[in-house]
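K.L.:
I would like the atomic coordinates for the input below:
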Amino acid sequence: MAEDSGEELAQAMTAMGQRARAAAQALRLAPAEQRTQALTAMADALAEAQTDVLEANAQDVAAARASGLAPNMVDRLALDVERLLGVVTALRTVAAIPDPVGAEMAHWTRPNGLDFTRVRTPIGVIAVIYEARPNVTADAAALCLRAGNASILRGGSESLRSNLAIHAALVRGLTAVGLPQDCVQIVPNTDRAAVGQLLSGLGGTIDLLIPRGGRTLVERVQAEARVAVLGHLEGLCHTYVHAGADADKARAIVVNAKLRRTSVCGSTETLLIDAIAAGRLLPAIAADLCAGGCELRGDARARALVPDMGVAVEQDWRTEYLAPILAVRVVDGVDAAADHIATYGSGHTEAIVTEDAGAAQRFVDLVDSAIVLVNASTQFADGGEFGFGAEIGISTARLHARGPVGAEQLTTYKYVVRGTGQVRA
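P.N.:
This next block holds a predicted model:
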């Protein structure tokens, strides 16, 4: 699909939706074993395409750097042998997880003898709009396929070469086991109007839209989409070090939560530390972070303990840095930490570090985010770490799916009612 006129693009996108609908019906009828074989074949094909994928990615990265793309976005874009192997491994893991389609969710019998079962069923056609990360091409395709859904993928312009190379390998795997290549389609150009077409629903052929990217993308999708949307705005994550925290644990967790990989949505952006523990723990934690190249911006009480820390302003509490920058605030107890999170957080992922079981439970009860961790790094906000094999994203929505979106979260359900001739009075 070259850069088309508006009418040509609309026709091409509508045809893509129609092909996806037909492929979704084929997938709905395909046995679980065939979809498992397809996922394994897709992983094999991607592994075999390593040279092509890495060459395409190198071109994308070079162009991104030349255009001045932010370093954290370049990091998301870049693939190497290890990262690509991780993508292949994720495909194999998705192939190995239990197939959700047809799984019984509930079963009961009424006094009149009617037998009720609630079973998982595919959603249908899922469109995924994403930025920068080429691994999403494989992750989204695999998870949609595992759940019996056809997918239409639209990646960012900065990763087009990488996405096309990955998609070509995935299609080879699909067709090798007899599934239609239209089970996984990709928009093969950078025309922004294609996004508008997807938001329209392509004539009713799209059942669900999933945006994965920055605030601007997600807000546009949520504002303009004429079909259901599942997504998150941003990962403004917090780690709270409670007065009862173990010093060694606190230091290790905070450094990992912030610096393991700053460009991921599970990276901690604000450190909250209890006033009782701040004098004991904050200087050492700050030294560890600074040694790792992290810039600290603190409130007055934090800066009184670490004078070299920069001054935090109101906007710092509201910023997803995706960079080695961390806002630091001293708070008076669990409730104050939860209040800060409720005021400034995005409902993504929060953690408490403490040896006090009561305080931990209070934090869990008060904090209403998709993921709440106790004594663990926020960087575990990842579908692979949850055992899902991969994820399409972390949903901060409150309906349908919340947290890592894996294969099970890409299903809906239906009721099957079996009778023996009952009629209603």
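K.L.:
Let me see the ranges of the strands in the stretch 1-150 of the chain.
P.N.:
For the stretch 1-150 of the chain, the strands defined by DSSP state E, counting those that start in this stretch cover 104-109, 115-122, 125-130, 150-154.
K.L.:
Tell me which of those approaches residue 322 most closely.
P.N.:
strand 125-130 (15.3 Å; CB to CB). In this view, the C-beta of every residue, glycine as well, is placed from N, C-alpha and C.
K.L.:
in the stretch 101-250 of the chain, which ranges drop under the pLDDT threshold?
P.N.:
Applying pLDDT under 70 to the stretch 101-250 of the chain flags residues 233.
K.L.:
Now the phi/psi pair for residue 260, please.
P.N.:
When read as degrees, to the nearest 10, the backbone of residue 260 gives phi -50, psi -50.
K.L.:
In contact with it, which residues are there?
P.N.:
By CB atoms under 8 Å, 6 or more residues apart in numbering, the contact set of residue 260 is 267, 377, 379.
K.L.:
residues near residue 114, how many?
P.N.:
13 (other CB atoms under 10 Å).
K.L.:
I misspoke; the intended subject was residue 232.
P.N.:
Using other CB under 10 Å, residue 232 has 24 other residues around it.
K.L.:
sec struct for it, please.
P.N.:
coil (DSSP: H, G, I helix; E, B strand; the rest coil).
K.L.:
Can you give me the separation between it and residue 401?
P.N.:
Separation of residue 232 from residue 401 (CB to CB, to the nearest Å) stands at 11 Å.
K.L.:
Give me the common contacts of those two.
P.N.:
Residues touching both residue 232 and residue 401 by CB under 8 Å, 6+ apart: residue 395.
K.L.:
average pLDDT for stretch 303-313?
P.N.:
Confidence over stretch 303-313 (mean pLDDT, whole number) is 97.
K.L.:
Let me see the residues that make contact with it.
P.N.:
Applying CB under 8 Å, 6+ apart, the external contacts of stretch 303-313 come out as 278-279, 282-283, 286, 290, 295-299, 302, 327-330.
K.L.:
isn't residue 251 right next to residue 285, touching?
P.N.:
Yes - between residue 251 and residue 285 there is a contact under CB atoms under 8 Å: 5.5 Å.
K.L.:
Okay, the nearest residue to residue 171 once chain neighbours are set aside and residue 175: tell me how far apart.
P.N.:
Using CB to CB, 6 or more residues apart in numbering and skipping the chain neighbours, the partner closest in space to residue 171 is residue 181 (4.7 Å). Residue 181 sits 5 Å away from residue 175, going by CB to CB.
K.L.:
Now for the residue nearest to residue 171: which residues touch it?
P.N.:
Counting by CB under 8 Å, 6+ apart, residue 181 touches 171, 174-175.
K.L.:
Can you turn the buried part of these into a PyMOL selection?
P.N.:
Selection of buried members from the contacts of residue 181 for PyMOL, criterion 16 or more other CB atoms under 10 Å:
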select buried, resi 171+174
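K.L.:
From the contacts of residue 181, which land in strands?
P.N.:
Assignment to strands by DSSP state E places none of those there.
K.L.:
Can you flag which of the contacts of residue 181 belong to helices?
P.N.:
Counted as lying in helices by DSSP state H, out of the contacts of residue 181, are 171, 174-175.
K.L.:
between those residues, which is nearest residue 389?
P.N.:
Closest approach to residue 389 among the ones in helices among the contacts of residue 181 (CB to CB): residue 174, at 17.5 Å.
K.L.:
what's the spacing between the closest one and residue 287?
P.N.:
52 Å.
K.L.:
Also residue 373?
P.N.:
As judged by CB to CB, residue 373 and residue 287 stand 24 Å apart.
K.L.:
Compare those two (neighbour count), which wins?
P.N.:
The neighbour comparison of residue 373 against residue 287 (other CB under 10 Å) goes to residue 373, with 24 against 13.
K.L.:
Now the more buried one: phi and psi?
P.N.:
Here residue 373 shows phi and psi, under degrees, to the nearest 10, equal to phi -110, psi 150.
K.L.:
With adjacent residues omitted, what lies nearest to it?
P.N.:
That would be residue 351: by CB to CB, 6+ apart, it lies 4.1 Å from residue 373.
K.L.:
Quick check, residue 419 in contact with residue 114.
P.N.:
Yes - counting by CB under 8 Å, residue 114 is a contact partner of residue 419 at 5.2 Å.
K.L.:
sorry, back to before: and for residue 251 and residue 285, which residues touch both?
P.N.:
Contacts common to residue 251 and residue 285, judged by CB under 8 Å, 6+ apart, are absent.
K.L.:
Give me the pLDDT value at residue 72.
P.N.:
Residue 72 carries a pLDDT value of 80.
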